[in-house]
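1. Next come a sequence and a model predicted from it.
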Amino acid sequence: MVGSGKDPYTRVVATLVEGLSDVLGAPEVQVFRLLQPPPRREYGDLSFPVMRFASRSGVDPETAVESVRGMLWERNLLRFVDMRLESGFLNVKFKGEDVADEVFRLLASGWKPSPARASKPRTFVVEHTSANPVHPLHLGHARNASLGDSLARLLRARGHMVNVRFYINDMGRQVAVAALGFKLAGVEPRKLAEDMGVKPDAAVGWVYAVTHNALEAVKARASGDARELDEAMAALARLKERGPRAVFESILSGVSKLGDPEEEVNKIMRRYEEGLEPEKSLVRGIAEAVLEGFRETLTAFGVEFDDWDWESDLAWSGEVSRILEEARRSPYFTVYKEAPALDIPRVARELVEPDPEARERIRLPRGFEVPPLILVRSDGTTLYTTRDIAYSVYKFRVTGADRVINVIGADQRLAQLQLRLALLALGYRREALNMEHYDYEIVRLPGRRMSGRRGEFVSLDEVLAEAEERSLREVKARNPGAPEEWARSVASKIAVGAVRFALVQPGRLKPITLDVEKMLDFRENSGPYLQYTYARANSILEKHGEIDYLKASPQALDEGMRRDLLVDALRFPVIAAKAADDLAPEDLAAYLLKLADEFNKWYERDTVIHEPDEAARHAKAALVKLVRDSLGEGMRLLGVEPLPRM
RNA sequence: GGGCCCGUAGCUCAGCCAGGAUAGAGCGCCGGCCUCCUAAGCCGGUGGUCGGGGGUUCAAAUCCCCCCGGGCCCGCCA
């Protein structure tokens, strides 16, 4: 459950979990979760509510503790801990000297703290970000990317195989709208970007927003909806200033001259789905241009993908038609509003409710009732969800994955639930049960929602640029005379650290109201605070020079802050392992902040390089190294790059 | 109308799923600390009817029910 690690903390925890679970008859998962640091340090380093289980299993608490003690003894681990039963809790306290002794030995052999390895490695697919290729990535996508990338890094570090994928939605209405805009303007995305002096994704985003609002205006005018019309016109007025006048005008006049603008958009979608020219090259060209911009931003953001999947490839390769065939043969196939559909509520009633495992994995809302899921439009084109069914099956098939994690906004909950039920309807039970929607709440602008359609959003590029500018000023002030190139590189890593940390630290179900000021506050509770703490620790080590572990005195770390810091730095492998298992990068973030706090407090009171006693000095330096490396490894897992100096 | 998520200090949040030991951080505000390992730091002070009500329990911020406030979703959009 805990997995394997060389350090005494991981080994003790693994044994406690095994032993307690054994003697109390409680599942290891539960024991692992309840084995936590007590509310106050004087109780010890780890605590477990034995009495809760003792009464349930009829085992005397004392007996249980003795049994666990015996197990630790057998594994030669008892020397590391004191164990006491206090008011029904088993309190475990690590013995500083003995732990330090063992840690010095490990460090001397080149050991570094790293997440405990899973005993059963699995294959994961993490699909994340997957933004529509019609506008630049905004902070909502950045939250998605931060979460997805951190998950992937955590799972890999835990020893799993992880395949990270980006799904390119190039068959939706949005791309078709952008395509219409480019067609009317007669420009090419990359050329326009050059003229505007912006990245290609920003240029496409502008054309998309102009075209979308022009279409909305026409529609509102036709229907006499004054409010909609006002909104569209206001958006257009804002957009007008942000790009070449000629392009803006040709889109506007082009759209107004179209007899049936909606039909124009539909035609592009239809022809693209069939793979016909010139739509094929037009749409692909736009999407490629945007993806080029995405890649640039994501690379700067420290996010990488193994595979990029084109929605259109699934359609063109016959994958989607195959799924449609299977749907038609499914007992849950139905016709709804004269269109082929799947009877989703019936799937819920017949395939989920009677099946305990399915019920547990697929949580149905009470009184779940939705209309059947339509698979094909009356013009013969497929719908997003239909293609997503094909994609889901595809992800499992090409990777051989045990689990697929889709990092998608919470607003897609119902759609994701329908998707899993559709998989069940087609007989893909394993896939349906092992695919999860890793949902997160949106990032809001103060007072309103971000919208790529209205062209109202804060792009990740803008925020990173602003953060970089701020940190560059600070870096230069603190390092007068440092080379410009170095300062820039450090500033950009601080900027990324700040934004990524700000986006993974809060629980993912908390809606974030975007306060750029707060995000760029580099004080405590921030990515740069961790980087700063790392740099401080690193600076000590540089000044100290080589550590001689044979000289280091374990007694120096036996008590007080040093002992506490030693134990807390050693928690990293287990905390990271748990964060990986729970898919909870925010737990790792909280731990790193606490470790940094503790280190900084100790730093103010104690000295390393001025320590007169040589044995104590080497011991303290070893402690600093352990803290630095736990911090550094943890930061890396969250995409916050450790900096030797800043 | 139905469903889901959120509601904890002036502000942003952790703790809730897996009930227990004096509810934790940061920001803000007030006051201190740089001839000494990076002050993006540290120390002290300030601040809480855990949205409200009921229930279960020896024990509830945590579980159950009702209500209130905010958000999201219920499309031949994605």
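-> The structure has been received and is ready for your questions.
2. so who does A:Arg153 touch?
-> By Cβ atoms under 8 Å, 6 or more residues apart in numbering, A:Arg153 lies in contact with A:Arg636, A:Leu637, A:Leu638, A:Gly639. C-beta here means a position set from N, CA and C on the backbone, and glycine is covered the same way.
3. Let me see the ranges of the helices in the stretch 51-200 of chain A.
-> Here the stretch 51-200 of chain A has its helices, by DSSP state H, counting those that start in this stretch, at A:61-74, A:96-108, A:139-157, A:173-185, A:189-196, A:200-223.
4. Check the ones you listed for me and report the most buried one.
-> Mean neighbours per residue, mean count of other Cβ atoms under 10 Å, is largest over the helices of the stretch 51-200 of chain A for helix A:139-157, with a mean of 26.
5. Which residues lie in contact with the most centrally placed residue in chain A in this structure?
-> Centroid-nearest residue in chain A, with Cα atoms, centre = their mean: A:Leu147, separated by 1.2 Å. Residues in contact with A:Leu147 (Cβ under 8 Å, 6+ apart) are A:His128, A:Val407, A:Tyr438, A:Tyr440, A:Leu503, A:Val504, A:Arg508, A:Pro585.
6. Look up how far A:Val627 lies from it.
-> 26 Å (Cβ to Cβ, to the nearest Å).
7. same thing with A:Leu509?
-> 31 Å.
8. what does A:Leu637 give?
-> Distance from A:Leu637 to A:Val627, by Cβ to Cβ: 16 Å.
9. Let me see the ranges of the strands in chain A.
-> A:46-49, A:81-86, A:89-94, A:123-127, A:161-168, A:307-310, A:333-336, A:339-342, A:373-374, A:403-409, A:435-440, A:443-445, A:448-449, A:512-513 (DSSP state E).
10. and the third one, what does it pack onto?
-> Pointing back at strand A:89-94 there. For strand A:89-94, the packing partners by 3 or more Cβ pairs under 8 Å, 6 or more residues apart in numbering; DSSP states H and E come out as helix A:8-24, strand A:46-49, helix A:50-57, helix A:61-74, strand A:81-86, helix A:560-570.
11. And for it, what's in contact with it?
-> By Cβ under 8 Å, 6+ apart, strand A:89-94 touches A:8-9, A:12, A:16, A:20, A:38, A:43-51, A:61, A:64-65, A:68, A:80-85, A:563, A:566-567, A:570.
12. and the residues you listed near RNA strand B, which?
-> Checked against RNA strand B using Cβ under 7 Å from any atom of the strand, the contacts of strand A:89-94 yield the following neighbours: A:Pro38, A:Tyr43, A:Ser47, A:Pro49, A:Met51.
13. burial measure for the residue nearest to the second one when sequence neighbours are not counted, as a count.
-> Leaving aside its chain neighbours, A:Tyr43 sits nearest to A:Asn91 (4.8 Å; criterion: Cβ to Cβ, 6 or more residues apart in numbering). One way to gauge burial is a neighbour count; for A:Asn91, by other Cβ atoms under 10 Å, it gives 19.
14. partner residues bridging A:Asn91?
-> Beta-bridge pairing of A:Asn91 under DSSP bridges involves A:Ser47, A:Arg84.
15. which residues touch the residue of the stretch 1-150 of chain A found nearest RNA strand B?
-> The minimum distance from the stretch 1-150 of chain A to RNA strand B, using Cβ to the nearest atom of the strand, falls at A:Arg33 (2.8 Å). Counting by Cβ under 8 Å, 6+ apart, A:Arg33 touches A:Lys578.
16. next one: A:Leu154
-> When contacts are taken as Cβ under 8 Å, 6+ apart, A:Leu154 is in contact with A:Pro115, A:Ala576, A:Ala579, A:Ala580, A:Leu583, A:Pro585, A:Leu588, A:Leu637.
17. In space, what's closest to A:Thr334 - neighbours in sequence excluded?
-> Distances taken as Cβ to Cβ, 6+ apart place A:Asp343 nearest to A:Thr334, at 4.6 Å, with adjacent residues excluded.
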